[in-house]
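Participant: I would like to see how this sequence folds:
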Amino acid sequence: MKSHEIHTKNIEKINARYPTMIEYIKTNEKKVEDLTVEVNKAKNGQISFIINRERNVIHLHSKFDPSKDAKRWISNLTLSNDKIYIIYGLGMIYHIKELMNRIGNETKILIIEPSISIFNEIIKNIDITNIIENNNILIMIEDNLDKLRYFLNKNISWNNCHLVEYYTFSNYKKLFSDMEQKVNKMIYDHLYIRKIDRNTMIKFNRDWQQNLLKNMSAAVESNFISQLKDVFLNKPVIIVSAGPSLNKNVELLRNIKNKAVIICVDTALKVLLSKNINPDFIVTVDGGELNLAHFDNLDYENIPLIYMSISHPKILENHKGIKVLTDNMGGYIKELFKEFDKEVGVINLGGSVACVAFNIAIKLGADPIIFIGQDLAYTNNKTHAEGTKYARKSDSIKTKYFEVENIYGDKVLTGYDLYTFLRWFENEILNDTSNRLYIDATEGGAKIEGTEIMTFQDAINKYCYKDIEVTRKIHEALNSDIKFNLDELKLLIKKLQNMYNNLEIIHKKSMDAIKICNKIINIYKENKNSDNIGPKLNRLDNIDKYIKQKQEEFNMINHLIKPIVYKVFLENTVSNTSKDDISIMKRSLEFYTALSNSVEFTLPILKETITEIENKYN
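Facilitator: This is a model prediction of the structure:
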């Protein structure tokens, strides 16, 4: 096939699969890069590239046998059909073809080609239509990291982050060292964040399950975040976090009541109330006992409290004023209440209470969003503002932490937990297409890309100078009658009681499945007559079918189920590739044991919840 025919064929397929890529190719057709690409032939006759850059001549492939060189490179990778591969460098695709030969066409592969010059020579000289058309392979040719960030956010979550393998092909590290380091760091940061998500879920799954059910009686009497959607469209909202710089400018909040919406995270509440400053909203998320301590000896019931289903129940119990429920995407209470025509509204968790406050500000329609106390770093070696429960100096700073750029262009120490949140905020701001203004008025801490840095006083002077009737608008928005009435409560109780009965059956069937699994394992181990296995497998299959039908019950205990699924099935795709009968049956045993324990944990709490809701109309 002639060069122009190859090029035409590739362009047609690219246009069909990647229309925006075609635009990028056309726009950058005459882009001048600091390298030149020379098409060459290796000793074995295969096409290769010679790159001339800064007086250096670099061969992308072997001068003798590119295919053999690709096989050698691939042999050093960790290969598995279950992995997600990110490859930096498309080259002449010899290594990509070899990778596909080794792992098959179903494995997900992201290929990043940083040079438009190299890519243009590839599509002129090699037919890559089979790669372009493969829906499991994604090609990126832009040297902009935004698309990589988008890909990672869309495709890599807590349940598959352990499957990602990142490799830089051949001399690409030498050719594009700066960009490759940025790509490497972005991938590493994203995987770290997702692993924290996973570990948090595993660590707190029982707390979250318990809180979800215990908060049900408060939820039926609460307002919903959906009622506040766009109530403060294009109005200033201030997010008050508990970073060490909060003490610099917290006093300024006193003079802007009703001139901006003040959202205070629970960690910072003690600081504000100690100065007789009442925020417009308090946000609480964390369901642990430590979080309850933020509210010790505080009078906060006259401040609307925004909470999630996993928040600590005592915080809600001690708050007799306006409560506003929000849930995360796919959250159980949101889905349950929808059956009663009640739209709770969703907020992305994001990993910290400040992340939730950020998303609440967006839900309100805020513009600008102003941050104070959002250091995301250990300013002056402090962890939190003075007056918070966590306020302390950070010990062993040099060995535990690392430096990032601060708002002044210098360096400030941070840790991986805060760095995770820094990257989260930057991702959210980057992905916001509304042209909303974000202002970092913290006056300290890490630089948050995408924000405009100014003092809090300047932000007040510019954006918070007129009365926007915050208190009145909040009460008007939350005044609509959407809470559960008596008839709805009765229907809800009936539904919960039915779920309780079904969970009891699931528990009994799980116990039966455990016995069956143990018997089958013993038969396999002792090499006994396998004729006895068939009926047992049929019984196990019937139990599987019954449980799979009980999707709603699974949704209720989702906080407990997700870690089970990860540990037994997802994690085992890598750590245990054995397909023998005993291994498969052991995984079934592990699943049913964990399921039985989860239901056993849930039943008494659910029963208590039903009783509490019954008491509301008795």
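Participant: Would you mind giving me the confidence score for the nearest residue to residue 285 once chain neighbours are set aside?
Facilitator: Setting aside the residues directly before and after it, residue 285 is nearest to residue 353 in space (C-beta to C-beta, 6 or more residues apart in numbering), at 4.6 Å. For every residue, glycine as well, the C-beta is placed using N, CA and C. The model reports residue 353 with a pLDDT of 93.
Participant: how near is residue 353 to residue 253?
Facilitator: Separation of residue 353 from residue 253 (C-beta to C-beta, to the nearest Å): 18 Å.
Participant: before we move on, what about residue 187?
Facilitator: 39 Å.
Participant: where in the protein is pLDDT low?
Facilitator: 1, 143, 329-330, 384-400, 528-531, 565-579, 617-618 (pLDDT under 70).
Participant: how is it carved up into domains?
Facilitator: 3-195, 215-477, 486-614 (automatic domain parsing).
Participant: hey, which of those is tucked in deepest?
Facilitator: Mean neighbour count (mean count of other C-beta atoms under 10 Å) peaks for domain 215-477 among these, with a mean of 19.
Participant: Pull the distance from that one to the chain's centre.
Facilitator: Relative to its parent chain, domain 215-477 has a centroid offset of 18 Å by C-alpha atoms, centre = their mean, to the nearest Å.
Participant: so how far does it reach from one end to the other?
Facilitator: Domain 215-477 stretches 23 Å from its first residue to its last (C-alpha to C-alpha, to the nearest Å).
Participant: for stretch 212-220, same thing?
Facilitator: Stretch 212-220 end-to-end distance (C-alpha to C-alpha) = 12 Å.
Participant: From residue 164, how far off is residue 194?
Facilitator: Distance from residue 194 to residue 164, by C-beta to C-beta: 9 Å.
Participant: Overlap of the contact sets of the two?
Facilitator: Common contacts of residue 194 and residue 164 (C-beta atoms under 8 Å, 6 or more residues apart in numbering): residue 156.
Participant: ok, which stretches of the stretch 151-300 of the chain are helices?
Facilitator: 172-175, 177-214, 216-219, 246-249, 269-274, 289-292 (DSSP state H, counting those that start in this stretch).
Participant: cool, the stretch 301-450 of the chain as well?
Facilitator: 313-317, 332-338, 353-364, 397-400, 416-431.
Participant: Pipe the ones you listed into a markdown table and attach distance to residue 554 per row.
Facilitator: Converted to a markdown table, those look like this (distance: least, C-beta to C-beta, whole Å):
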| stretch | distance to residue 554 |
| --- | --- |
| helix 313-317 | 23 |
| helix 332-338 | 10 |
| helix 353-364 | 25 |
| helix 397-400 | 40 |
| helix 416-431 | 29 |
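Participant: which one of those lies closest to residue 104?
Facilitator: Closest to residue 104 of the helices of the stretch 301-450 of the chain, according to C-beta to C-beta: helix 416-431, at 32.0 Å.
Participant: for that closest one, packing partners?
Facilitator: Under the contact criterion of 3 or more C-beta pairs under 8 Å, 6 or more residues apart in numbering; DSSP states H and E, helix 416-431 touches helix 146-155, helix 177-214, helix 353-364, strand 402-405.
Participant: the inter-axis angle of it versus helix 146-155?
Facilitator: 110 degrees (axes from the mean of the first three to the mean of the last three C-alpha atoms, to 10 degrees).
Participant: about what we covered before: tell me which of the helices and strands packed on helix 416-431 sits nearest to residue 45.
Facilitator: Nearest of the helices and strands packed on helix 416-431 to residue 45, taken as C-beta to C-beta: helix 177-214 at 30.3 Å.
Participant: Residue 183: what's it in contact with?
Facilitator: Contacts of residue 183 (C-beta under 8 Å, 6+ apart): 88, 112, 145, 148.
Participant: Just put the domains of the chain in TSV and tack on distance to residue 203.
Facilitator: Formatted as TSV, the domains of the chain follow (distance: least, C-beta to C-beta, whole Å):
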stretch	distance to residue 203
domain 3-195	12
domain 215-477	9
domain 486-614	9
